[in-house]
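Participant: Kindly generate the corresponding structure for this input.
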Amino acid sequence: LVATHNASLPSGVLSINPAMEITMKPRGSQLDVQVRFAPTTRVPYFSEEVMLECVGGISVPLFTIQGSCQAVGIELDTEHIPFGAVVRGAQSTRKLVMYNTGDIGARFRWDETSFAPDFSISPVEGYVATGMHVDFTITFHPAQHNRDVRYDNLICDIEDGTQLYLTLTGACIPATPTKEVLNFVCSVRSKETRSLTLHNKTGNKTWTLIPVIEGEYFSGAEQLVAEPGQHRQYEVTYQPLTMTTENRKHNGSIFFPLPDGTGLLYNMTGFSDQPRPIATLPIDIPAKTQHTETLKVHNWLRVPQRFIVIREILKPDRPDPATNLRGFDYIDVPGLSEREYKLHFEAYKEGNVHSKITFKNEQSGEFQFYFVTYKVSAAGVIDTIKLTAPVRQSVSHTIPLFNPLSVSVTLNTQLHNSTEISLLPTFTVPANSEGLFSFEYMPLKAGRSDAKIVFNSIDLGQYIYEVELLATPAGPERALIFKTGLGNSQVLQARLINYSKTKVDYTSKTDNADFHVEKNTQPATSGGVGGTEVTIEVTFEPSQLGDSKGTLIVSSGGGGEYIFPLVGHCHHPKPQGPFTIRAGQSIPVQFKNVFPTPTTFLLSVDNSLFSVKQSELIRAKKTINIMVTYNGSPSGQALPTQTGKLIITNPKSTSGQTIHWVFYLKGVSEKH
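Facilitator: Alright, predicted model coming up:
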């Protein structure tokens, strides 16, 4: 038995038994033929004819064998990829193709960790169908300088258990920096931006560059895209958080890895100067007024910072001792946040104060600061004091005055627009303490008025206080109570205390004619501390029976007004006398018409030895002499002493009563 030869069949895959010569008996003898197909690799479809060769050179076709062996057939287009030299920090890529020439698709997976750290492959795993291929991208990105980078027998596992092997080689060389150095200069915590120009000289490939920036305070965009033949600007920003010194600057670099494995390297140098002021604050305030300014303190780090607060007065060169700039000595600020600092300022005198407030980290030496300029104007009115008091009654008030100096201060006092306030000409306040200045207000006239109290000090400047004064009317003085008979008068004294600080004249007047004063004007000397007494004589001369009331008003332009109630009681006239008359003689008896109108009075005697005319018309308030005669004995003989009464009658009294005035008479002879 002989099979025709097929070149596609590997040797030993197909065998036929028996393979030696055989002898078959005639007439229907049979022979079993065994065909064995045992492939170890993929065998494509084949067809072979088995011939029976007989002795004598005769060949007879016996049967045909057809078959195939399906299997996975995966291979790489190359087993070694050389990358050549690549600049450190740059990268270079190559392509690798996997083919499936077999009859069955299969999954594959590369051992990714074996490519690290200098190579990477994509995709790492996948599936390749029969008759298809997979493209791989292999990147060479060396991190260390090495002239001989070699990775042998990198393994790719195939699903059927077979493995493919790949070898990668290359070299890593240092980048050569360009001659151009980027220099940055700015204040700490500010920023400066510089630009670089990159030219894509390739004719058909777009660059997508991922810059590598070294240096803590340098930054830029994450990528740069440059079309073929295009010039692109790339901006680098320097934003330092610490200051530099002459011998210690901020250094950095920026590297642009190019697709061909080369790159562009630029060195960068940053100089960070002292910070600029956060702000310059102009503040206008009046003297002796406390002002609080809120300053924001920033923390530019992620960790908390403690700042010592340094408060300096830059101008004037010799700050006034009374100028006070204060606040807490330390402030803690959490990371990447800000806090408010309260700065308190008070100046006692006018002028300009230039200050610098610095917040300094004592460990790092980094700081931030403000300029604060205070324009201190005149203090103006510090306070308005309102006082109310009745006339001639005093009320006191106390003004607190603080002395911030380490020595005592004497202030001179001035009073404007008022003579009714009493105060000391000077006042001393002890060192670093508060003094209480007291003054008194005693008004002399009712009404409203305004005054001003000014304190002057060479060391503390001027204090101005306005005083609003209200004097309410005084109550009446002690009443004068009179009691006398009709036709008589009584004199009492009205006493007042003059508090005027200058010499004044008091004018007196009454509102009832029964009361009068002899002197309408009464001079008074200055009152002094306790005042001086002024006496006014008031006469009560009633014009009718019963009670009378009136008011005495004593006033002066500088001393104010005093009101005295007047109360008078008039009773019937009491008899007067006796009046002695010698025989044959006449005497005058004074009588006054106390009524306000001319009045006719009736005159009579009760003893015929006395004589008087019958009536008399007397003008109002006038005094006349009524002549009374003692006739004695008609025979001229001496008589014993005679008595009688002169009766004066007013028949038309306003009270409706008949009023009698009785004067006792005594007649004596010549011998007596």
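
Participant: residues touching the nearest residue to residue 165 once chain neighbours are set aside, list them.
Facilitator: What sits nearest to residue 165 in space, not counting adjacent residues and going by Cβ to Cβ, 6 or more residues apart in numbering, is residue 153, at 4.8 Å. Placement of C-beta: from N, CA and C, glycine included. Shown here is residue 153, whose contacts under the criterion Cβ atoms under 8 Å, 6 or more residues apart in numbering are 165-167.

Participant: Among those residues, name the ones in helices.
Facilitator: Judged by DSSP state H, the contacts of residue 153 include no members of helices.

Participant: among the residues you listed, who's most crowded?
Facilitator: For the contacts of residue 153, neighbours were counted by other Cβ atoms under 10 Å; the highest total belongs to residue 166, with 23 neighbours.

Participant: now stretch 339-350, how far from the centre of its chain.
Facilitator: 11 Å (Cα atoms, centre = their mean, to the nearest Å).

Participant: before we move on, what about stretch 611-618?
Facilitator: With Cα atoms, centre = their mean as the basis, stretch 611-618 stands 99 Å off its chain's centre.

Participant: Pull it out as PDB, backbone CA atoms only.
Facilitator: Taking C-alpha atoms only, stretch 611-618 is exported to PDB below (Å, rounded to 0.1, in the frame of the first residue of the first chain):
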ATOM      1  CA  SER A 611     -62.800 171.900 120.000                       C
ATOM      2  CA  VAL A 612     -62.000 170.900 116.500                       C
ATOM      3  CA  LYS A 613     -63.500 171.700 113.100                       C
ATOM      4  CA  GLN A 614     -66.200 169.400 111.900                       C
ATOM      5  CA  SER A 615     -64.600 167.800 108.800                       C
ATOM      6  CA  GLU A 616     -61.500 167.800 106.700                       C
ATOM      7  CA  LEU A 617     -60.900 166.800 103.000                       C
ATOM      8  CA  ILE A 618     -57.600 165.000 102.700                       C
END
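
Participant: Quick one: mean pLDDT for it?
Facilitator: The pLDDT scores in stretch 611-618 average 93.

Participant: Helices along the stretch 301-450 of the chain, start to end?
Facilitator: Ranges of helices in the stretch 301-450 of the chain, per DSSP state H, counting those that start in this stretch: none exist.

Participant: Tell me where the model's unsure across it.
Facilitator: Counting by pLDDT under 70, not a single residue of the stretch 301-450 of the chain qualifies.

Participant: Show me where it has its strands.
Facilitator: For the stretch 301-450 of the chain, strands defined by DSSP state E, counting those that start in this stretch occupy the ranges 305-315, 324-326, 330-333, 338-346, 351-360, 367-377, 381-390, 395-403, 409-416, 421-422, 426-429, 433-441, 447-457.

Participant: So which bits of the fifth one are buried?
Facilitator: Applying a neighbour-count criterion of 16 or more other Cβ atoms under 10 Å, the buried positions in strand 351-360 are 351, 353, 355, 357-360.

Participant: Just want the angle from it to strand 367-377.
Facilitator: In terms of direction (axes from the mean of the first three to the mean of the last three Cα atoms, to 10 degrees), strand 351-360 departs from strand 367-377 by 160 degrees.

Participant: list the helices and strands strand 351-360 packs on?
Facilitator: Contact here means 3 or more Cβ pairs under 8 Å, 6 or more residues apart in numbering; DSSP states H and E; on that basis strand 351-360 packs against strand 305-315, strand 338-346, strand 367-377.

Participant: ok, now the third one?
Facilitator: Judged by 3+ Cβ pairs under 8 Å, 6+ apart, strand 330-333 is in contact with strand 291-298, strand 305-315, strand 338-346.

Participant: Can I get that strand in CSV? Just the C-alpha atoms.
Facilitator: What follows is strand 330-333 as a C-alpha-only set of coordinates in CSV (Å, rounded to 0.1, in the frame of the first residue of the first chain):
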residue,chain,number,x,y,z
TYR,A,330,0.5,87.2,68.2
ILE,A,331,-2.1,85.8,65.7
ASP,A,332,-2.5,82.2,64.6
VAL,A,333,-3.9,81.6,61.1
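
Participant: Not counting its own residues, what contacts it?
Facilitator: The contact list for strand 330-333, computed with Cβ under 8 Å, 6+ apart, reads 297-299, 304-309, 339, 341, 359.

Participant: Flag every buried residue along that strand.
Facilitator: Of the residues in strand 330-333, those buried (16+ other Cβ under 10 Å) are 331, 333.

Participant: quick one: that strand to chain centroid distance?
Facilitator: Distance of strand 330-333 from its chain centroid, counting by Cα atoms, centre = their mean, is 18 Å.

Participant: Just checking: what are the partner strands of it?
Facilitator: Based on DSSP bridges, the pairing partners of strand 330-333 within the sheet are strand 305-315 (antiparallel).

Participant: coming back round to it: for residue 242, which of the strands of the stretch 301-450 of the chain is the nearest?
Facilitator: Across the strands of the stretch 301-450 of the chain, the minimum distance to residue 242, taken as Cβ to Cβ, is reached by strand 367-377, at 11.1 Å.

Participant: so that closest one versus strand 291-298, what angle?
Facilitator: Here strand 367-377 runs at 160 degrees with respect to strand 291-298, directions being taken by the same axes, to 10 degrees.

Participant: what helices or strands is strand 367-377 leaning on?
Facilitator: Using 3+ Cβ pairs under 8 Å, 6+ apart as the contact test, the elements touching strand 367-377 are strand 280-286, strand 291-298, strand 338-346, strand 351-360.

Participant: Return the member of the contacts of strand 330-333 nearest to residue 640.
Facilitator: Closest approach between the contacts of strand 330-333 and residue 640, by Cβ to Cβ: residue 341, at 120.8 Å.

Participant: okay but the closest one is in contact with residue 294, surely?
Facilitator: Yes. Contact criterion Cβ atoms under 8 Å: residue 341 and residue 294 qualify, at 7.2 Å.

Participant: and the two? which has more neighbours close in?
Facilitator: residue 341 (19 against 8).

Participant: what's the neighbour count on the closest residue to that one other than its chain neighbours?
Facilitator: Among residues not flanking residue 341 along the chain, residue 295 sits closest, at 4.6 Å (Cβ to Cβ, 6+ apart). Taking other Cβ under 10 Å as the criterion, the count of residues near residue 295 is 21.

Participant: One more: residue 277?
Facilitator: Using other Cβ under 10 Å, the number of residues around residue 277 comes to 15.

Participant: could you check the distance from the residue nearest the centre of the chain over to residue 355?
Facilitator: For the chain, the residue nearest the mean C-alpha position is residue 294 (5.4 Å; Cα atoms, centre = their mean). Distance from residue 294 to residue 355, counting by Cβ to Cβ, to the nearest Å: 15 Å.

Participant: Residue 127 too?
Facilitator: Counting by Cβ to Cβ, the gap from residue 127 to residue 355 is 77 Å.

Participant: Check residue 147 too.
Facilitator: Residue 147 sits 64 Å away from residue 355, going by Cβ to Cβ.

Participant: next one: residue 216
Facilitator: Look at residue 216 and residue 355: by Cβ to Cβ, they are 34 Å apart.

Participant: How about residue 78?
Facilitator: Residue 78 sits 78 Å away from residue 355, taking Cβ to Cβ as the criterion.
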